[in-house]
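[1] Any chance you can model this:
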Amino acid sequence: MAGQAPAQTGREVASLARANGKEGAGSSQPVKGDNGLAQIIQRARDMVRRGQVLKAREQLLAAVSQSPSETLLELGRTFDPYYLPSGVSSDGQPEPVRARSLYEEAVKLGSAAAARDLERLRRAHPAMN
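    Modelled structure (predicted):
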């Protein structure tokens, strides 16, 4: 089952899609190969820097089936206060609990970067532990 998101991740993605008003967003945009995924992730990061967090989340939701661990890591970062820009008007709010959930799923899928972000998030928000 390599490359497939676990059921809990699927529920989390569906929940995020509903929260962003994009029912079924996980299948709306096919991604071809790692290069396509890298481009989507870079575009999402650029959107976050411009304050377009909801659009970035939508792009990442559309790509989650291609590389769940990497995409869940990036999606988690769109909820993590550490990665959201300060001093820029943003349409998305930080949600550390949701970031934690997404990081935990990415860790289960083998993401070392998600493990580092999860540890940093837990240190920054000890009440979540």
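[2] so Ser69 makes contact with Ala112?
    No: the pair Ser69 / Ala112 is not scored as a contact, 9.5 Å apart, by Cβ atoms under 8 Å. Just so you know, the C-beta spots here come from the backbone N, C-alpha and C atoms, and that holds for glycine as well.
[3] okay, those two: which has more neighbours?
    Relative neighbour count places Ser69 above the other of Ser69 and Ala112, with 20 against 11, counting by other Cβ atoms under 10 Å.
[4] quick one: contacts for that one?
    Taking Cβ atoms under 8 Å, 6 or more residues apart in numbering as the contact definition, Ser69 lies against Ala106, Leu109, Gly110, Ser111, Ala114.
[5] Equivalent analysis for Arg45, please.
    Contact criterion Cβ under 8 Å, 6+ apart gives Ala56, Glu74 as the residues in contact with Arg45.
[6] what's the answer for Asn35, then?
    Applying Cβ under 8 Å, 6+ apart as the definition, Asn35 turns out to have no contact partners.
[7] In terms of helix, strand or coil, where does it fall?
    The three-state assignment at Asn35 reads helix, by DSSP: H, G, I helix; E, B strand; the rest coil.
[8] I'd guessed Gln59 sits against Asp46; true?
    No: taking Cβ under 8 Å as the contact criterion, Gln59 and Asp46 are not neighbours in contact, 10.1 Å apart.
[9] Comparing these two, which residue is more hemmed in?
    It is Gln59, of Gln59 and Asp46, that has more neighbours when counted by other Cβ under 10 Å, with 24 against 11.
[10] Could you list which residues are in contact with that one?
    Neighbours of Gln59 in contact, by Cβ under 8 Å, 6+ apart: Gln29, Ile40, Arg43, Ala44, Met47.
[11] I'd like the distance from it to Tyr103, if you could.
    Relative to Tyr103, Gln59 is positioned 19 Å away (criterion: Cβ to Cβ, to the nearest Å).
[12] Give the residue spans of this structure that score low on pLDDT.
    Across the chain, residues meeting the criterion (pLDDT under 70) sit at 1-34.
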